[in-house]
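[1] Dropping the sequence and predicted coords here.
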Amino acid sequence: MGAGAGLDTGLDTGAAEAATAGLSKEVDEVSGPRAGRRRRAGGWRRALLAAFVTGAVVIPLSAAAQPEIPAPAPAALAPLAPATLDEAYAANRANAGEASRMAAADGDDRRAAVDHAMAGPDRTFLAFDGRGEGQATEVFGDLAHADRVAVLVPGSDTTLDTYDRFRATALDLHRQLTREAPNSRTAVVSWLGYRTPRTVSTTVLTAGRADQAAPHLREFIRQLHAVTGRAAHITLVCHSYGTVVCGRAAPGLAVSDIALIGSPGTGVDSVADLRTPARIWAGRGADDWVGGVPHVSADLFGTTVGFGTDPVSPAFGAHVFAAGDVGHSDYFTPGTASLANLARIVLGETSEVTHA
């Protein structure tokens, strides 16, 4: 889930609602042993199925209308290390420049402009892939000498075309870290290393994209330690559907802290089920619509829909920090309790974190 705008498709939702009613009845009929739970969950099941059915109709139509954006294959890079960072940055800038030229030749002026900006001399990408929806991993700060690194993992609707919104959150966190601890050695990494689901889709209701993303996130953390050293403190800051990705990648991951913000759930019932020695934090703003999303999971026709226990609930067992009145897209807004607390978590100033 993420901050993307809704998709105006003109879909007749009456058909979806009718199908939902039938599906809901079918699910109720086969869940006799769970009758008590069924009565409590009837409302969320109907809503969840409505989204599932609507997405099943909408997304194939919308996806089919979007042509593949041409771009070169990602640059061939040496293994990441302090000595190879500048080489990686230069190669990825060159790749973004070529992607811009190819997009322009294909008539996609919007993507050409996005890629052109990424090819700027001040941009520092550890990875860049301009093909299709695109992927990018950008560094803010001196990564080679950082002893505290925040890795941001985004939610749905994050692509190269919407990347500037994601980048802005990384910049806001980096500025906050610099204000809070001007003499510290910190860096922030925006990791768009997976194909995010669309907010209006069936994929956003299941862990499929997260299962695909998790091995890539685990490999990136391994590479990051090759640059920073094993002693570096790495914090995952995971937003919305990105919290599902982090939940899937968490077992045994070499990070110090995992912060979950605006989470629909991680796919597990408790912190213990994440199987990680990292400290788990969770925060949700009072104006975040995800608070109204049922934090449950259900098996529907062989597919698990939903992500289980609410990470800010006592049952989950996370350290819950104050996020103030922010909405779903506002956790990194300067001056907010959420941004201040995220910076304290990254800096290891855990005694200074304010709690909800």
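    That came through, no problem.
[2] Touching, residue 324 and residue 337? I think so.
    Yes. Here residue 324 reaches residue 337: they are 3.9 Å apart, a contact under Cβ atoms under 8 Å. In short, each C-beta sits where N, CA and C put it, glycine included.
[3] which parts of the host helix or strand of residue 258 are buried?
    According to DSSP states H and E, residue 258 maps onto strand 257-261. Neighbour-count burial for strand 257-261, with 16 or more other Cβ atoms under 10 Å as criterion, is recorded at 257-261.
[4] repeat for stretch 265-283
    Going by neighbour count (16+ other Cβ under 10 Å), the buried part of stretch 265-283 is 265-268, 270-271, 273-274, 276, 278-283.
[5] now swap in stretch 308-321 and tell me
    Buried-residue list, stretch 308-321, by 16+ other Cβ under 10 Å: 308-312, 316-321.
[6] Tell me which of the residues you listed fall in helices.
    Using DSSP state H, no member of the buried residues of stretch 308-321 falls in helices.
[7] Which members of those occur in strands, if any?
    Those of the buried residues of stretch 308-321 mapping onto strands are 319-320, per DSSP state E.
[8] Export the buried residues of stretch 308-321 as a markdown table, with columns for pLDDT and distance to residue 347.
    Below are the buried residues of stretch 308-321 laid out as a markdown table (pLDDT from 0 to 100; distance: Cβ to Cβ, whole Å):
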| residue | pLDDT | distance to residue 347 |
| --- | --- | --- |
| 308 | 89 | 30 |
| 309 | 94 | 28 |
| 310 | 96 | 27 |
| 311 | 97 | 22 |
| 312 | 97 | 22 |
| 316 | 97 | 24 |
| 317 | 97 | 23 |
| 318 | 98 | 19 |
| 319 | 98 | 15 |
| 320 | 98 | 19 |
| 321 | 98 | 13 |
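[9] The buried residues of stretch 308-321: which two are farthest apart?
    Across these, the longest distance by Cβ to Cβ is 20.5 Å; it joins 308 and 321.
[10] still on that earlier bit, just give me the closest of the buried residues of stretch 265-283 to residue 126.
    residue 278 (21.7 Å).
[11] got a list of what the closest one touches?
    Residues near residue 278 by Cβ atoms under 8 Å, 6 or more residues apart in numbering: 236, 250, 253, 255-258.
[12] Out of these, which comes closest to residue 333?
    If you rank those by distance to residue 333 using Cβ to Cβ, residue 236 comes first, at 20.2 Å.
[13] Could you tell me the average pLDDT over the helix or strand where the closest one lies, please?
    Following DSSP H and E, one finds residue 236 within strand 233-239. Average pLDDT, strand 233-239: 98.
[14] Which residues outside the strand holding residue 258 are in contact with it?
    For strand 257-261, the external contacting residues (Cβ under 8 Å, 6+ apart) are 233, 235-240, 243, 246, 250, 266, 274, 276, 278-284, 311, 318, 321, 323, 331, 338, 342, 345-346.
[15] in its sheet, what does that strand sit against?
    If you go by DSSP bridges, strand 257-261 pairs up with strand 233-239 (parallel), strand 279-283 (parallel).
[16] and stretch 223-231, C-alpha only, in PDB?
    The C-alpha trace of stretch 223-231 is given here as PDB (Å, rounded to 0.1, in the frame of the first residue of the first chain):
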ATOM      1  CA  GLN A 223      26.300  -5.900   0.000                       C
ATOM      2  CA  LEU A 224      25.800  -2.800   2.200                       C
ATOM      3  CA  HIS A 225      27.800  -4.500   4.900                       C
ATOM      4  CA  ALA A 226      30.500  -5.100   2.400                       C
ATOM      5  CA  VAL A 227      30.700  -1.300   2.100                       C
ATOM      6  CA  THR A 228      30.200  -0.200   5.700                       C
ATOM      7  CA  GLY A 229      31.600  -3.100   7.600                       C
ATOM      8  CA  ARG A 230      29.700  -5.500   9.800                       C
ATOM      9  CA  ALA A 231      29.900  -3.200  12.800                       C
END
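[17] The chain should start at 437 in everything you say after this.
    Got it, first residue is 437 now, which makes that one stretch 659-667.
[18] got the buried residues for it?
    Neighbour count says stretch 659-667 has 659-661, 663-664 buried, by 16+ other Cβ under 10 Å.
[19] What are the boundaries of the helices in the chain?
    449-465, 471-500, 521-541, 545-554, 599-616, 644-664, 677-685, 773-783.
[20] Worst mean pLDDT among those helices?
    When the helices of the chain are compared by mean pLDDT, helix 449-465 comes last with a mean of 34.
[21] Who are the contact partners of the residue nearest to residue 581 when sequence neighbours are not counted?
    Computed as Cβ to Cβ, 6 or more residues apart in numbering, the closest residue to residue 581 that is not its neighbour in sequence is residue 621, at 5.5 Å. Going by Cβ under 8 Å, 6+ apart, residue 621 touches 578, 581-584.
[22] quick one on the thing from earlier: will you turn the buried residues of stretch 659-667 into CSV that also has distance to residue 572?
    Formatted as CSV, the buried residues of stretch 659-667 follow (distance: Cβ to Cβ, whole Å):
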residue, distance to residue 572
659, 15
660, 15
661, 21
663, 17
664, 20
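[23] Nearest to residue 788 among those residues?
    Using Cβ to Cβ, the buried residues of stretch 659-667 come closest to residue 788 at residue 664, 23.5 Å.
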